[in-house]
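**Q** here is the input, now give the coordinates:
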Amino acid sequence: MKKVLYLLLTVAMAAAAMSAQEVYLKPVDEAAKDPSFLAFRTKLIAAVERKDAAYVYSIVDPKIKNGFGDRDTIAWFKRDWKLENKNSKFWKTFGTVIKNGGAFWSDGTNKDSFVAPYSFSNWPDGIDAFEHFVVFGSDVNLREEPSMTGKVITKLSYNIVKLEHMTDPKSSKYQGWAKVTTLGGLEGYIKEEFIRSSVDYRAGFEKKRGKWVMTFFLAGD
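**A** Numbering: from 1, shown residues only. Take a look at the predicted model:
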């Protein structure tokens, strides 16, 4: 009987080890599949880098979706982001979105549609996008403590991790850290700047009357 129980326990432990495997979301960028979009995005990135409000406004769809309320107009977009201000949060927020890949989507009607960044467009089915984040980079330190002096457990590259909690933003000592658990079972702390939610800001682009325009820029669900 002891041998049988030991065998069953061994099998169970092996099965658990096999099920606890890391899952990765590596960068994907399909922009080159459409040369017209690739050229458009190149110009848009250049405009963002020089903080060219006029150019950005010129590619915003008049009915751009800004969120999940009744605010789907370019007027609301302008009011929310105030691009004339060089210190607007838009420049950094949108810059991260547009510079991090994406994929073409088709819902059967909008064949020319590109969604960025890849952390939204290519999020794997079956993984809760609200409980999990992706490590947004390679060789990112996972530490035992929320401190730059904390022992490094391992380095993570594009792992999907479960967010346990963010550290108290009122604590200057631990501000900017998140406690996470990888799907392979490793637990520790990582700098918040190196993880990203699938439902963080993302943008969508469609070709309308031969011109690429931004049809949504929003966060949440």
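
**Q** gap between the residue nearest the centre of the chain and residue 32?
**A** In the chain, the C-alpha nearest the mean C-alpha coordinate belongs to residue 119, at 3.8 Å (C-alpha atoms, centre = their mean). According to C-beta to C-beta, to the nearest Å, residue 119 and residue 32 sit 19 Å apart. All C-beta spots, glycine's among them, are computed from the backbone N, C-alpha and C.

**Q** and the residue nearest to the centre of the chain, that one's in a strand?
**A** No. Counting by DSSP: H, G, I helix; E, B strand; the rest coil, one finds residue 119 to be helix, located in no strand.

**Q** which parts of the chain are helices?
**A** Secondary structure of the chain (DSSP state H): helices at 2-19, 35-49, 53-58, 74-81, 90-98, 118-121.

**Q** just name the most buried of these.
**A** helix 118-121 (a mean of 24; mean count of other C-beta atoms under 10 Å).

**Q** now do that helix: which elements does it pack against?
**A** Using 3 or more C-beta pairs under 8 Å, 6 or more residues apart in numbering; DSSP states H and E as the contact test, the elements touching helix 118-121 are strand 103-105.

**Q** burial measure for residue 84, as a count.
**A** 11 (other C-beta atoms under 10 Å).

**Q** that one and residue 51, how far apart?
**A** Distance, residue 84 to residue 51, by C-beta to C-beta: 9 Å.

**Q** can you give me the domain assignment for the chain?
**A** Recorded structural domains for the chain (assignment: automatic domain parsing) are 31-123+198-218, 132-197.

**Q** and the last one, average pLDDT?
**A** Same thing as domain 132-197. Mean pLDDT, domain 132-197: 90.

**Q** check stretch 204-213 too.
**A** 96.

**Q** residue contacts, residue 22?
**A** Residue 22 is in contact with 159, 182, 183, 184, counting by C-beta atoms under 8 Å, 6 or more residues apart in numbering.

**Q** check contacts around the nearest residue to it once chain neighbours are set aside.
**A** In space, residue 22 comes closest to residue 184 once its chain neighbours are excluded; the distance is 4.0 Å by C-beta to C-beta, 6 or more residues apart in numbering. Residues in contact with residue 184 (C-beta under 8 Å, 6+ apart) are 20, 21, 22, 159.

**Q** most neighbours out of these, which is it?
**A** Neighbour counts for those, by other C-beta under 10 Å, peak at residue 159, which reaches 24 neighbours.

**Q** how about the nearest residue to that one, chain neighbours excluded?
**A** The spatially closest residue to residue 159, leaving aside those adjacent along the chain, is residue 135, at 4.8 Å (C-beta to C-beta, 6+ apart).
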